[in-house]
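Trainee: pasting the sequence and the predicted coordinates here, then a few questions.
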Amino acid sequence: MTENKIYTHKIEKLLPSLGVVVFFAALAVAITGSLWSTLIILIGMTGLLIYGEKHGQVDRAYIRVEERRSSTLTVLIICIVLLPFILKGNSYFLHIAVMAGIYAIVALGLNFQIGSMGQVNFAPAAMFGVGAYTSAMVTVRLGASPWIGLIAAMIVTAGMGIVFGFPALKTRGFYFSLVTIALQTIFILLVVNTEWLGGPNGIPGIPAFSLFGQSLKKSGMLLGTPIPYQMNYIYLTFTLLLLLIVISKRLYSSRIGLAWNAIEEDEIVASTQGINLTKVKLLSFSIGSVFAGIAGSLYAHYTSFIGVEDFDFNKSLIFICMVLLGGMDNPIGVTIGAIMLTVIDEKLRIFADYRMLMYSIILIVVLVVRSQGLLPKRNRKYPLGEEN
Amino acid sequence: MLLELSDVYTKYGQIPMLQGVSMTIDAGDAACVLGSNGAGKTTLLKTIIGIVKPFQGSLSYRGENITPLPSHKIIQRGIAIVPEREGLFPGLSVDDNLRLGAYYEKDKYALAQRKEEVLAIFPRLRERISQQAGTLSGGERKMLGIARAILANPQLILMDEPSLGLAPALVNEVYGVIKKIKEEKKIALLIIEQNAQKALDVVDRGYIMQKGSIIGSGSRDELSENEIVKSSYLVS
Amino acid sequence: MKKRKFFVVCAILTVLLIFGSVSLYAGGAQEEEDAVKIAFIGPLTGPNAAQGVGARNSFLMAIDEVNNSGKLPYTIEVIVLDDESKPGTAASVAQMAVSDPDIVAASGHWNSPCAEATIPIFKSEGIPFIVWGAISPTLTSKENYPYVTRVCPTQAQENIPLAKFAMEELDRQRWAIISDTSTYGKSNTEAWENNAKEYSGVEIVSLDEIQVGTTDFRPILSKIKNRDLDGVYFGGVVMEGALVRRQMVELDMEDTLMVGISGIVDDKFIETAGADAAEGVVAVKPGKDISRMSGGTEFVENYKSAGYSEPFGAYGPYAYDAAKIITTAMAKVGPDKNKLIDAIANIEYSGLLGTTSFNEFGQTENVVSTIYVVQDGKFVPWYESDYEDGSLSLPGAD
Amino acid sequence: MLYAQILNAVMLGCTYSLVAIGFSLFFGVLDTVVFCAGDVAIFSSFSVVFLVQLIGFYNIFFGLFNPVAALLLTVIVAAIFTAILMVLLYQLVIKPFENKSSLMPLLSTIAAGIALRELIGIFFPEGRNPRSFPELLSNERILQELPGISWRNAIIIVATILIVAILYWFINKTKIGLSIQAVSQNREAATMVGINRNLVIYVTFIVGGLILGFGGFLIGSYYAVIRFDLGAGFGLKGFSAAVVGGLGNVYGAIVGSMLIAFAEVFVTAYIPGGTAYASIAAFVLVLAFILFKPEGVLGNKSVEKV
């Protein structure tokens, strides 16, 4: 009896690590498998999440992860290190993973506005574009290092985030959404009409990141097998993604995350609790934009070419879909949503005609059936008085 | 002197609301404002915490002119408010709501300590700590509103009709708690009420408000004897 | 104790993962050796789908012909990929293509930004790439040679003959330009403008750039209406072109000549503008008219009998010849991408388009274009039309 | 040229306002932005194309009947299709969010708009290609001395005015119209006096659907070429116009449409190189209104309830 109990206990303690491994295995099969296996895996994962949510398993998993944070993190890092290998070292599969990581970063940033504050920002693609263009211009036109480009992208998007956030101070709801739609449209029009930004031709020849004098665009050799250069970008992207997930989670459980939620619920009551609305709101936009800027810079230096078609309104909708599907205000959920949608999008390439139809239907179904997303937000935990 | 309003005028759109209101609250003082619907009582509270800005007159708190300050700055000076219809965040957990009460408190452990004290006063809230505030009953929500205000560790709590919409038994419970706060915590109170009977049990003195002006004031006993109060607010 | 247990499990998981990945990796490597694949990329959906689908059909037809002829000891498989006219998507599908080790050559793109996005990918993998439809001059260059070659003319090569025709043959001088803001419209317009300015006396009266998707051109047309124009140049594609012509007629500008580029040489243009309104619109299309190409009639017949429902469009013959160039080179040096690069770059191939060879930038030296005019609801080559011999006269002709 | 440009702006404004009125009508009753209004209007244009192409419809009806009667019949059937679609959309993507955050129907109607235009693109024969709209309204000038005023343009202007006039009558003089007003002004109070709110909503959506239906026909007639994805642009401009005019105010929608149309046309016409920036000008106008005069031109200045 007792032995049995201990046994269960141990297994349960391993659950988080096991979960991470299962997730990566599923991801690998989803990326490398045929369309049908991908669909089955994704539907299975969705079902598992919803079931787990319903029966409190997800909550328990969260507690376990908290208990064994370092070990879970270790397993996670091992999985990321191995990711290029489980993806067969195939450059296309690796490419999907890199794009999933980049889009997840944008979605995480967007979550600060949609998920935390309930303000639907329709311009994440524009912000992603601002990051990409800034980084590209700094490197191509000024000849700076891509790392400088990344920093420049972060600074410029932080500033632009404040510009985009300014209307949020004065308006809410539909009006704010219309403002962001207008800004998204103006961004596209301005880029197209500005020769210096490449106009409709886009910007070719954006240099790749380099580390210790080694360009990340160089394919390597490992144990006698050539490894595509995408591997470098997987490590770069996922390192940043991991870091940004941690930042997002921290922000969520901090006073700022709480203030964002309070503003979503009721702005005026929030101000009667001593929340500085201006500061907190602008923070949401500038941090979210910086995330998008980081992603944009990664994207520019990864693909080496950017064109304005990649930052249009439809892309914004896809980002919104990612946040809604994954789970509002839950960084892990948002990341999972972004990865799922990126993978399925690649897998459905042959049905390109139906892509936007698919996204619109996913959006409607998620809103009607499960508006909180696959992995809804969790209760914040506070230190207890007795412990002190 | 804790709070002082001198000759405050406000407008709601084009409609004049407060018309030359002056009043003072001292530290540890408990006062009430009696008045009927539309007398401008709620506007008074909103003016104090800076949601409504006066176009004439000024407010000072502990000798500092707070008239031009934004709401959150005034709150941070040590004023808490228990709004009329609870003013909670129904979508957030009870715990989150409490945390928001002491939003500007950065010391987590001091906060945890204080939360323990508050939860000792409101044991029901402890049971419901991870529930959404919207799922609480009316009385519990009122309690949460008060608990949240205390958690801010203020010198002054403004209460907007604490008895409104509650069953008589609950009204007694709420006022019991208010009395306890006043006696144990030494927090100054400004209670706005139509239910003069209950309010006068707790406060030391009060004001009578009509059509945006203060038309009378006095100690608890004086008010109990006042004709207007008797005829209008003590009929229950 | 606990820690050690954890690390044991960790180690087991790691080993399992490595094992699994290695086995997957090995599994991926074991593929049949005899498959030879070529990638085709073009806009099969999205705003430029008509161009891409026609080119794809022609490309597939060419490969089918080669496969059926039995001239090669292996069968060629075409991997068809859709770039949706978006560079991001193009880069993605190019990654998909280069990740397949059996792909030995590729041909692609109508949109220049898409080509810009994929060329570095193919180049870095050493896969020869033939552009069948994108017209930006920078695509072929010294740096990209010999990896990238192009069978279609650039924007300049298309606009020079048109300008020459309009200025010299028709003797028109005062022009208004309307173009869309896509790369296609903008770069064509630029080429036209630069060319036109070289003729003495030619004056560009106005230049208006519109977004793709604009429906109301009346404000622009009203503005230029009384400016004593000899002609309106339109740089763009069917939808906007048809609207411009329709609204010109509506605003009593039917006596003003409209000239356009290959983007409007499409029966859809006449259908949407209306045959009456479209009458007398002049446009240029690269290449000879299909009826004048050697084997052109055969191509048309085969295309029909192959059962493709979509028209092969302006770039079908280019895609067809691109496919044939790849297979001809392959017949010479075998399906080896490294050898194919030089074989294609140095080829001299006689096909539909005439004799194609590439210059030191990889650009085709076979530059021909045909001027078309709309007559009785059809695009007719100028030399076959009744306008040429003067029995009909163009709008605004004296 | 000024005369011609004013005419252009008025015509453009008319096409925007038919969509904008839809936005305002729905917003008034539901406090919800029904973002797919532009796509619904284009759906109506395609319905007209479909009806006219329907084998025999064009020839037989136009042969047998008086052409005006056949034309009216076509338009009315298309408008009825559109109204049915609107009610369906209400059931599917608006009603489920009745008591939830008002941003959810915004998202779901945007998604519905995309779905609608993609469905046209996929299922309408050659749906993604531009398509010429049948010339049902004559493009002949009414008077030779008056350039620009063709029968079609006159009909579009008159029809716009007529639609607004009928709407005015319907809202102010009929019982159900008064209920619509009551619901849009105070939902709770309206329920208390015994107004069937559901009925009011359905009627609003039917009326809105009919207006968008006629709007689609007039838009198609004016541009003569339609494409499946035009609805996105009209939706955006229509919504912008409704906001500039004062969201929820039907007459404001017209004023807003005219303002936006005039801004676009005059930037194109009088600023050198302005064509590329015409849309930007329109959106900057919208931004300015939202930020500095959010109640719009004709909206009531609502004092924020605190």
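Mentor: Perfect, thanks for sending it. Numbers count the residues shown, from 1 in each chain, chains lettered A, B, ... in the order given.
Trainee: quick one: the strands in chain B?
Mentor: In chain B, the strands defined using DSSP state E lie at B:3-12, B:15-25, B:30-34, B:56-61, B:64-65, B:79-82, B:156-160, B:188-193, B:205-210, B:213-219.
Trainee: how about these, which one is nearest chain C?
Mentor: For chain C, the closest of the strands of chain B is strand B:3-12, at 45.5 Å, according to C-beta to the nearest C-beta. Where C-beta positions appear, they are placed from N, C-alpha and C, glycine not excepted.
Trainee: what sits up against that closest one?
Mentor: For strand B:3-12, contacts defined as C-beta atoms under 8 Å, 6 or more residues apart in numbering or on different chains pick out B:16-25, B:43, B:47-48, B:52-61, B:79, B:156, B:188, B:190, D:303.
Trainee: single out the most deeply packed of the strands of chain B.
Mentor: Burial of the strands of chain B is given as mean neighbour count (mean count of other C-beta atoms under 10 Å in any protein chain shown); strand B:79-82 ranks first at a mean of 27.
Trainee: centre of the chain to that strand, how far?
Mentor: Distance of strand B:79-82 from its chain centroid, counting by C-alpha atoms, centre = their mean, to the nearest Å, is 6 Å.
Trainee: what lines up beside it in the sheet?
Mentor: strand B:156-160 (parallel) (DSSP bridges).
Trainee: what angle do the partner strand and strand B:56-61 make?
Mentor: 130 degrees (axes from the mean of the first three to the mean of the last three C-alpha atoms, to 10 degrees).
Trainee: between strand B:15-25 and strand B:156-160, find me the angle.
Mentor: Computed with the same axes, to 10 degrees, the direction of strand B:156-160 lies at 140 degrees from that of strand B:15-25.
Trainee: dump strand B:156-160 to PDB, restricted to CA.
Mentor: Extracted C-alpha coordinates of strand B:156-160, given in PDB (Å, rounded to 0.1, in the frame of the first residue of the first chain):
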ATOM      1  CA  LEU B 156      -8.900  57.200   5.300                       C
ATOM      2  CA  ILE B 157     -11.500  54.900   3.900                       C
ATOM      3  CA  LEU B 158     -14.400  56.300   1.800                       C
ATOM      4  CA  MET B 159     -17.500  54.100   1.800                       C
ATOM      5  CA  ASP B 160     -20.300  54.600  -0.700                       C
END
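Trainee: list of residues touching that strand?
Mentor: So strand B:156-160 is contacted by B:2-3, B:25, B:41-42, B:45, B:48-49, B:78-84, B:146, B:149-150, B:178, B:181, B:187-192 (C-beta under 8 Å, 6+ apart).
Trainee: change it to 6 Å
Mentor: Applying C-beta atoms under 6 Å, 6 or more residues apart in numbering or on different chains, the contact partners of strand B:156-160 are B:2, B:42, B:45, B:79-84, B:149, B:187-192.
Trainee: residue C:80 bridge partners, please.
Mentor: In this entry, residue C:80 is beta-bridged to residue C:40, by DSSP bridges.
Trainee: include mean pLDDT when you put the strands of chain B into TSV, please.
Mentor: Shown next, in TSV, are the strands of chain B (pLDDT from 0 to 100):
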stretch	mean pLDDT
strand B:3-12	88
strand B:15-25	87
strand B:30-34	88
strand B:56-61	90
strand B:64-65	90
strand B:79-82	88
strand B:156-160	89
strand B:188-193	89
strand B:205-210	88
strand B:213-219	86
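Trainee: and those as TSV, adding distance to residue C:288?
Mentor: Below are the strands of chain B laid out as TSV (distance: least, C-beta to C-beta, whole Å):
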stretch	distance to residue C:288
strand B:3-12	80
strand B:15-25	82
strand B:30-34	94
strand B:56-61	87
strand B:64-65	87
strand B:79-82	84
strand B:156-160	86
strand B:188-193	90
strand B:205-210	94
strand B:213-219	95
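Trainee: run a quick neighbour tally on whichever residue of the stretch 51-200 of chain D sits closest to chain C.
Mentor: Relative to chain C, the nearest point of the stretch 51-200 of chain D is residue D:130 (4.0 Å; C-beta to the nearest C-beta). By other C-beta atoms under 10 Å in any protein chain shown, 24 other residues sit near residue D:130.
Trainee: roughly how far apart are it and chain A?
Mentor: Residue D:130 sits 17 Å away from chain A, going by C-beta to the nearest C-beta, to the nearest Å.
Trainee: need phi/psi at that residue.
Mentor: Residue D:130 adopts backbone torsions of phi -60, psi 150, taken as degrees, to the nearest 10.
Trainee: was I right to think it contacts residue D:227?
Mentor: Yes: with contact defined as C-beta atoms under 6 Å, residue D:130 counts as touching residue D:227 (4.6 Å).
Trainee: and the residue of the stretch 151-300 of chain C found nearest chain B, how far from chain D?
Mentor: Here the stretch 151-300 of chain C gets closest to chain B at one residue, residue C:213, 40.1 Å apart by C-beta to the nearest C-beta. Taking C-beta to the nearest C-beta as the measure, residue C:213 falls 6 Å from chain D.
Trainee: let's see the pLDDT reported for that residue.
Mentor: With respect to pLDDT, residue C:213 scores 82.
Trainee: the closest residue to chain D within the stretch 151-300 of chain A: neighbour count?
Mentor: With C-beta to the nearest C-beta, the shortest gap between the stretch 151-300 of chain A and chain D falls at residue A:182, namely 4.2 Å. For residue A:182, the count of nearby residues is 25 (other C-beta under 10 Å).
Trainee: try residue D:293
Mentor: Using other C-beta under 10 Å, residue D:293 is surrounded by 13 other residues.
Trainee: same thing with residue A:70?
Mentor: Applying other C-beta under 10 Å, I find that residue A:70 has 8 neighbouring residues.
Trainee: which one is the residue nearest to the spatial centre of chain D nearest to, not counting chain neighbours?
Mentor: Centroid-nearest residue in chain D, with C-alpha atoms, centre = their mean: residue D:19, separated by 1.6 Å. Setting aside the residues directly before and after it, residue D:19 is nearest to residue D:238 in space (C-beta to C-beta, 6 or more residues apart in numbering or on different chains), at 3.1 Å.
Trainee: so who does the one you found touch?
Mentor: Residues in contact with residue D:238 (C-beta under 6 Å, 6+ apart) are D:16, D:19-20, D:23, D:37-38.
Trainee: measure it to chain C for me?
Mentor: Residue D:238 is 14 Å from chain C, by C-beta to the nearest C-beta.
Trainee: surely that residue is within a helix?
Mentor: Yes: remark: residue D:238 belongs to a helix, assigned using DSSP: H, G, I helix; E, B strand; the rest coil.
Trainee: pLDDT wise, what is residue A:164 at?
Mentor: At residue A:164, the pLDDT value in this model is 82.
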